[in-house]
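Asks: Make a model of this:
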Amino acid sequence: MVPTVVAARIHRPGEFRRRQHRDSLANLAGSPSRLLGRRGSWLMAERFSVIIPNWNGKRFLAACLDALRDQTIGDIEIILVDNASADGSQDFVRAEYPEVRLIALEENRGFTGACNIGMDAATGAYIALLNNDTEVERNWAEQVANAFAAHPHAGIVASKMLLFDRRDHLHTAGDFFTTDGRAGNRGAWECDCGQYDNGEYVFSACGGSAAYRRSMLSDIGALDDDFFFLLEDVDLAWRAQLAGYKVWYEPSAVVYHYLSATGGGVTASYHDGRNGIWLIVKCMPAGLARKYARQIIARQLSLLWDSLKSWRGQEARARLRGMAAGLLSIGGALAKRKRIQASK
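Replies: Presented below is the predicted three-dimensional model:
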């Protein structure tokens, strides 16, 4: 029997500050009926795969790959998927990291395309995505694997991500989603002063270090290729919860992130505008959509107005183009919604 539960917590705008509140605004009741993975401690026989999407990120790769080379678990598979880089990334990896499996693409398939190709090639029971501009603690993979073993209902594990150059400040402690349709990083820019040192269930994992059970991906599919990048991680987390899986935040799994070192700007504004619309249309249950329709519409109108006021700016124009693209392609998002909601 396919589970019909969503264990996500959706918060009022502003409610995410400092810590994820225990009082859920919207908690669709139920409990997962499937058990994922094995209980108990980390089993070395279960391979841990890491997928690194790369586009012209050669300058970051040494720190990223050196940290993975030094991991405490024995059976770790590292796959770097290169989006047709022109900076010598491929030659560098071949020469300096022969143990890394390099998949060289002939065109830029985006974050989602590269990650999906890597995940399809991976052989691990657990598959983690890792941005090329990150450095992980030596026990990162082991802590993620232990979290999966300790929380059999979790299909996704979120790491604690800290800023690379300010390692006492947070990038994210898992992701939140508010009732007006906004996704974001818990604790972003805050001092890491212990407020996120307890593991707990959260809405989503940041795609820059998200880890997934292979069995869950086999069940619900991987990232939505159409998203290209941005919000693809939240989309997958929402689909996971609709299928009965949970997202566990593991504070002992620590990652340092340069943050948007190889992405952002105009392209990010476009995809954020478009994908934000797709995300709501695809995944939000009808009851929640009706309940919070005014908040969602008000936020989209606010984004539209802010972009119109800043029309001379390239990023504002890109967001407007993205929002228009999201609305014009809403039919495709609705078709995906029908399949997703029918599978609950």
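Asks: Can you list the buried residues in whichever strand or helix holds residue 218?
Replies: Assigned by DSSP states H and E, residue 218 falls within helix 214-220. Neighbour-count burial for helix 214-220, counted by 16 or more other Cβ atoms under 10 Å, picks out 214, 216, 217, 219, 220. Every residue, glycine included, has its C-beta placed from N, CA and C.
Asks: Do I have it right that the first one meets residue 125?
Replies: Yep, that's residue 214 we're talking about. Yes. In this structure, residue 214 is within contact of residue 125 by Cβ atoms under 8 Å, at 5.4 Å.
Asks: Could you spell out the sheet neighbours of the host helix or strand of residue 128, each with its direction?
Replies: Per DSSP H and E: residue 128 is located in strand 126-129. In the sheet, strand 126-129 lines up against strand 48-54 (parallel), strand 211-213 (antiparallel) (DSSP bridges).
Asks: quick check, distance from the first one to the centre of its chain.
Replies: Pointing back at strand 48-54 there. How far strand 48-54 lies from its chain's middle: 13 Å, per Cα atoms, centre = their mean, to the nearest Å.
Asks: which residues are in contact with the helix or strand encompassing residue 240?
Replies: Following DSSP H and E, one finds residue 240 within helix 232-242. Contacts of helix 232-242 with the rest of the structure, by Cβ atoms under 8 Å, 6 or more residues apart in numbering, involve 5-8, 111-112, 155-156, 175, 177, 183, 203-207, 210, 212, 216, 220-224, 227, 246-247, 275, 278-279, 282-285, 340-341, 343-344.
Asks: Just the buried ones from those?
Replies: 5-8, 111-112, 155-156, 175, 177, 183, 203-207, 210, 212, 216, 220-224, 227, 246-247, 275, 278-279, 282-285, 340, 344.
Asks: Just the ones in strands from those, please.
Replies: 155, 156, 175, 177, 183, 212, 246, 247 (DSSP state E).
Asks: Find the nearest non-adjacent residue to the fifth one, please.
Replies: With Cβ to Cβ, 6 or more residues apart in numbering as the criterion, residue 183 has its nearest non-adjacent residue at 4.5 Å, and that residue is residue 234.
Asks: and the closest residue to residue 55 other than its chain neighbours, how many residues sit next to it?
Replies: Distances taken as Cβ to Cβ, 6+ apart place residue 83 nearest to residue 55, at 4.0 Å, with adjacent residues excluded. Residues lying near residue 83 (other Cβ atoms under 10 Å) number 22.
Asks: Show the contacting residues for residue 83.
Replies: Contacts of residue 83 (Cβ under 8 Å, 6+ apart): 53, 54, 55, 105, 107, 108, 109, 110, 113, 114.
Asks: on that earlier part again, include distance to residue 306 and pLDDT when you put the buried residues of helix 214-220 into CSV, please.
Replies: Below are those laid out as CSV (distance: Cβ to Cβ, whole Å; pLDDT from 0 to 100):
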residue, distance to residue 306, pLDDT
214, 41, 97
216, 37, 98
217, 37, 97
219, 39, 95
220, 34, 96
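Asks: nearest to residue 267, of those?
Replies: Minimum distance to residue 267 across the buried residues of helix 214-220 is 26.3 Å, recorded for residue 217 (Cβ to Cβ).
Asks: Make sure that closest one is actually in contact with residue 118.
Replies: No. Taking contacts as Cβ under 8 Å, residue 217 lies outside contact range of residue 118: 11.8 Å.
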